[in-house]
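**Student:** Have a look; sequence and predicted model below, questions after that.
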Amino acid sequence: MTSAKMHRIRSRVFPDRLLGIFAILTIVAAYFLGLTRARADVMPYLMQALPSAERFEPFSSDTFSAYASSRVIGYVSIGKAVGYGGPLEVAVAVDLDGNVTGVSVIDQKETPSFFRRVDRGDLVESLLGKSYQDPFHLGQDVDGVSGATYTSRAIAQAVRQGTRQVAAGPLGLGVPTEYPPQIQFGVPEIVLIALFAVGYIAHRQKFRYTKQARWATMIAGLLILGFWFNRPLTIATINQLLLGFWPQWQTNLYWYLLLGGILFVFTADNKNPYCEWFCPFGAAQECMAVVGGAKTRSPRQFKDYLKWTQRGLAWLAIVLALIFRNPGISSYEVFGTLFDLVGSTYSFALLGIVLMASLFIRRPWCTYLCPLHPVDEFIRMIRRWILESWKKLSQKSA
Amino acid sequence: MEKTLSKKRIILPYIILAIVIVSVALILAELWSNVSRQIQSTQDSSATNTLAGVYQLFAPASTLNFIGLKVTPSDLQPTHHTITAKTHEAINA
């Protein structure tokens, strides 16, 4: 390699690494800044859950006695569960017989458009009147909101926990034994394992039908993981990982399989098994590309600006999520907008632009806007850096 | 024919740039709307303090209508760890 070429490579690698360090430092700073944010005062939520109360007195750290005319009229307890985006807290008002009389959501980390769906639905109303003895199980005695199953399940679990805290605490009632949740292993999990397996086989050098296998996985990803279950990988998942909001494995096996599979292939093979192979939105763009005859287009004169804009957006999305300790707050992807028709006006406008652009540019979202692409590049850069340093160290010690 | 092709080659990068600029603007608007909603809903003390600080900067305006929040001066006093139900009502007004 000529020295001029080496110099060119170094001059490209150096700012990338420098900005990589800057990104890590700011992300760490955002994490600690998020930790210092004061917890929401629960009093307004206690009032919302039980408006007839005149005052509240703490019974325990999570349970409050509600008074009106100097007598106890009920209790409000803080129930907790883990939703799609992270921890969720509700204030549950319970009467003296152990029945739910009011619910108010104190804190949640769900993707805003999906939480609005639950908020506008009648899930919370359907929980009113339930007893501490009820199972609060989705599909059994609680109807979840379609398209927001994880959030619905978490709200039901949190309300059950709050209700039983009151029953077992101030009311002194015997509460049913809590069993660990059932393992959720169904179509999405099976399809995901199958897609990883097909991707692995198709990557082998002797495999002849790589192109056909890739289209098969993309179509399966689009139809099953996209339109049927709406479970694409989003920046919210990465944020969840960084924030340490690990959901229950029994009810979120898909999440662990997806992340574990991607990280495993990345570490072992330095390949991204997801984006080019079965990302549902990537597949949707490729279908549009077939219709419009799109090509890979990368304007040379703006290449660096476009690359850094995409990286800047990804950085902003992660930093905001860490500061607000809400993984879903910065999930600007339009996946849910396409697959579940949920989203703001901005999301629908953005989706329209991206789909139109997909007709003449190959994967415009992935190339210019997706926050996962810079994360992919970042992991590769760190991996390369570690390997180089390791090589240098072992050469020195030899 | 060649002229048309070269024209297309010149214009295309600008079209792509325009698409990205509009998309980024929409993404930033989405992020802004999510963040302002979060500030409204979490109603934590830091949000109240920030708003109180911003209000002082923009005084003597009688009402602060910043990031969609309508807050009157009497409702906003810098706090350290708690906010009252009154402030919560004011923020949601």
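**Tutor:** Received it, and whenever you're ready, just let me know what you need.

**Student:** Find me the pLDDT at residue B:79, would you?
**Tutor:** As predicted, residue B:79 sits at a pLDDT of 38.

**Student:** Ok, residue A:1 next?
**Tutor:** 51.

**Student:** again with residue A:264
**Tutor:** As predicted, residue A:264 sits at a pLDDT of 87.

**Student:** tell me which element it is part of?
**Tutor:** Taking DSSP states H and E as the definition, one finds residue A:264 inside helix A:253-269.

**Student:** Could you identify the helix or strand that succeeds that helix?
**Tutor:** Helix A:253-269 is succeeded, C-terminally, by helix A:280-292 (DSSP H and E).

**Student:** what helices or strands is that next one leaning on?
**Tutor:** Applying 3 or more Cβ pairs under 8 Å, 6 or more residues apart in numbering or on different chains; DSSP states H and E, one finds that helix A:280-292 contacts helix A:210-220, helix A:335-339, helix A:345-357. (Each C-beta comes from the backbone N, C-alpha and C, glycine too.)

**Student:** let's see 7 Å
**Tutor:** When contacts are defined as 3 or more Cβ pairs under 7 Å, 6 or more residues apart in numbering or on different chains; DSSP states H and E, helix A:280-292 sits against helix A:210-220, helix A:335-339.

**Student:** ok so, going back, counting neighbours, which bits of the helix holding residue A:264 end up buried?
**Tutor:** Using 16 or more other Cβ atoms under 10 Å in any protein chain shown as the test for burial, helix A:253-269 gives A:253-255, A:257-259, A:261-262, A:265-266.

**Student:** residues touching residue A:240, list them.
**Tutor:** Residues near residue A:240 by Cβ atoms under 7 Å, 6 or more residues apart in numbering or on different chains: A:85-86, A:327.

**Student:** Repeat that for residue A:233.
**Tutor:** Applying Cβ under 7 Å, 6+ apart to residue A:233 gives the contacts A:258, A:274, A:372.

**Student:** Of the buried residues of helix A:253-269, which pair is most distant in space?
**Tutor:** A:253 and A:266 (20.0 Å; Cβ to Cβ).

**Student:** SS state for residue A:96?
**Tutor:** Of the three states, residue A:96 takes coil under DSSP: H, G, I helix; E, B strand; the rest coil.

**Student:** and it, how many residues sit next to it?
**Tutor:** The number of residues packed near residue A:96 is 12, by other Cβ atoms under 10 Å in any protein chain shown.

**Student:** Residue A:191 too?
**Tutor:** Residue A:191 has 21 neighbours, counted by other Cβ under 10 Å.

**Student:** which residues does it contact?
**Tutor:** A:220, A:224-225.

**Student:** and if you look at residue A:322?
**Tutor:** Contacts of residue A:322 by Cβ under 7 Å, 6+ apart are A:27, A:30-31, A:34, A:242-243.

**Student:** Point me to the helix or strand that includes it.
**Tutor:** Using DSSP H and E, residue A:322 falls in helix A:303-324.

**Student:** measure the closest residue in space to residue A:185 that isn't next to it in sequence to residue A:277 for me?
**Tutor:** Residue nearest to residue A:185 in three dimensions, not counting chain neighbours: residue A:253, with 5.9 Å by Cβ to Cβ, 6 or more residues apart in numbering or on different chains. From residue A:253 over to residue A:277 the distance is 20 Å, taken as Cβ to Cβ, to the nearest Å.

**Student:** now swap in residue A:159 and tell me
**Tutor:** Between residue A:159 and residue A:277 the distance is 40 Å, computed by Cβ to Cβ.

**Student:** higher neighbour count, those two?
**Tutor:** Neighbours per residue (other Cβ under 10 Å) separate residue A:159 from residue A:277, with residue A:159 holding more: 27 against 23.

**Student:** is it true that that one touches residue A:136?
**Tutor:** Yes - the pair residue A:159 and residue A:136 passes the contact test of Cβ atoms under 7 Å, sitting 6.3 Å apart.

**Student:** Only the C-alpha atoms, please, for the helix holding residue A:322, written as CSV.
**Tutor:** Taking Å, rounded to 0.1, in the frame of the first residue of the first chain, the C-alpha atoms of helix A:303-324 are listed here in CSV:
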residue,chain,number,x,y,z
LYS,A,303,-21.9,12.2,0.6
ASP,A,304,-20.2,13.4,3.8
TYR,A,305,-23.0,15.8,4.7
LEU,A,306,-25.6,13.1,4.3
LYS,A,307,-23.6,10.5,6.2
TRP,A,308,-23.0,12.9,9.2
THR,A,309,-26.7,14.0,9.1
GLN,A,310,-27.7,10.4,9.6
ARG,A,311,-25.2,9.8,12.3
GLY,A,312,-26.2,13.1,14.0
LEU,A,313,-29.9,11.9,14.0
ALA,A,314,-28.9,8.5,15.5
TRP,A,315,-26.8,10.3,18.2
LEU,A,316,-29.7,12.7,19.0
ALA,A,317,-32.2,9.8,19.2
ILE,A,318,-30.0,7.9,21.7
VAL,A,319,-29.0,11.0,23.8
LEU,A,320,-32.7,12.1,24.1
ALA,A,321,-33.8,8.6,25.2
LEU,A,322,-31.1,8.5,27.8
ILE,A,323,-31.8,12.0,29.2
PHE,A,324,-35.5,11.3,29.4
